[in-house]
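Asker: Below are the sequence and a predicted model for it; my questions follow.
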Amino acid sequence: MRRWFLPESPNLLGLLGRQGEITIAAMDALCAWSDGDRSAATTVHALEHDGDRASREVLAAVKASFVTPISPEDIYEISERLDHILNSVKNLVRESELLDIDPDAPMVEMANLAALGVRDLVLAFPELPEHAERATGHADAAVRQQRAIEHVYRKAMSALLRIDDVREVTGRRELYRRCVRIGDAIEGVAHRIWYAVVKEG
């Protein structure tokens, strides 16, 4: 009797979690960099390359999988949006170096909030799809961190009105905006987690 066997499927959520851990490490490096450790910029750049490789592994595994825990499109989108967070972190550090403007207290605060948000996102991955409420709870927590980043951003932008140095104002405004883009990228992942849960339900 001929037996048919389904091909073994890769652990897609595990691979997504690995990409998430690399992103967390990059966020930790961002926090260290913004708090005065300029050598952490090198770590950010290195981890951005690691994140690219991890994302490619996720996408290759999606292509090779016969069955997936959530839709292939959702895994693809979550991985791509997670990669966008890391790219935004790299771009913030690079822009600061090009402008020759060091991070200040608002950037430290926004970096720490973003790091918390990424941790919330990564906690959601292993909860998919069986524990939908836990997954979306972590996604909601990440969105709250993004809202907190926006609050810090508004206060920091208002404080720039008291600075006379045009170069300082222009440069810091750009860096603050890049911090907000990291928050927006975090929210993008959170929304896709919610979308994946709604589709599975």
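Answerer: Structure received.

Asker: ok, Arg144 - how many residues close by?
Answerer: Neighbourhood size, Arg144 [other CB atoms under 10 Å]: 14. (Glycine included, C-beta is placed from N, CA and C.)

Asker: Excluding covalently adjacent residues, which one is nearest to the most centrally placed residue in the chain?
Answerer: In the chain, the centroid-proximal residue (CA atoms, centre = their mean) is Ile85; its distance is 3.6 Å. Nearest non-adjacent residue to Ile85, counting by CB to CB, 6 or more residues apart in numbering: Ala185, 4.4 Å away.

Asker: contacting residues for the one you found?
Answerer: 81, 84-85, 88 (CB atoms under 8 Å, 6 or more residues apart in numbering).

Asker: tell me the SS of Phe66?
Answerer: Three-state assignment for Phe66 (DSSP: H, G, I helix; E, B strand; the rest coil): coil.

Asker: That one contacts Pro10, doesn't it?
Answerer: No. Phe66 is beyond contact range of Pro10, at 10.0 Å (criterion: CB atoms under 8 Å).

Asker: Of these two, which one has the most company?
Answerer: Neighbour count, other CB under 10 Å: between Phe66 and Pro10, Pro10 has more, with 17 against 9.

Asker: CA atoms of stretch 129-138 as PDB?
Answerer: In PDB, the C-alpha atoms belonging to stretch 129-138 read as follows (Å, rounded to 0.1, in the frame of the first residue of the first chain):
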ATOM      1  CA  PRO A 129      -3.300  31.600  16.500                       C
ATOM      2  CA  GLU A 130      -4.600  29.600  19.500                       C
ATOM      3  CA  HIS A 131      -4.600  32.400  22.100                       C
ATOM      4  CA  ALA A 132      -6.100  35.300  20.100                       C
ATOM      5  CA  GLU A 133      -6.900  37.400  23.100                       C
ATOM      6  CA  ARG A 134      -3.400  37.200  24.500                       C
ATOM      7  CA  ALA A 135      -1.900  38.000  21.100                       C
ATOM      8  CA  THR A 136      -4.100  41.100  20.600                       C
ATOM      9  CA  GLY A 137      -3.500  42.100  24.200                       C
ATOM     10  CA  HIS A 138       0.200  42.300  23.500                       C
END
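
Asker: Tell me how far Ala114 lies from Asp28.
Answerer: 11 Å (CB to CB, to the nearest Å).

Asker: These two: which has the busier surroundings?
Answerer: The residue with more neighbours, out of Ala114 and Asp28, is Ala114; 29 against 18, by other CB under 10 Å.
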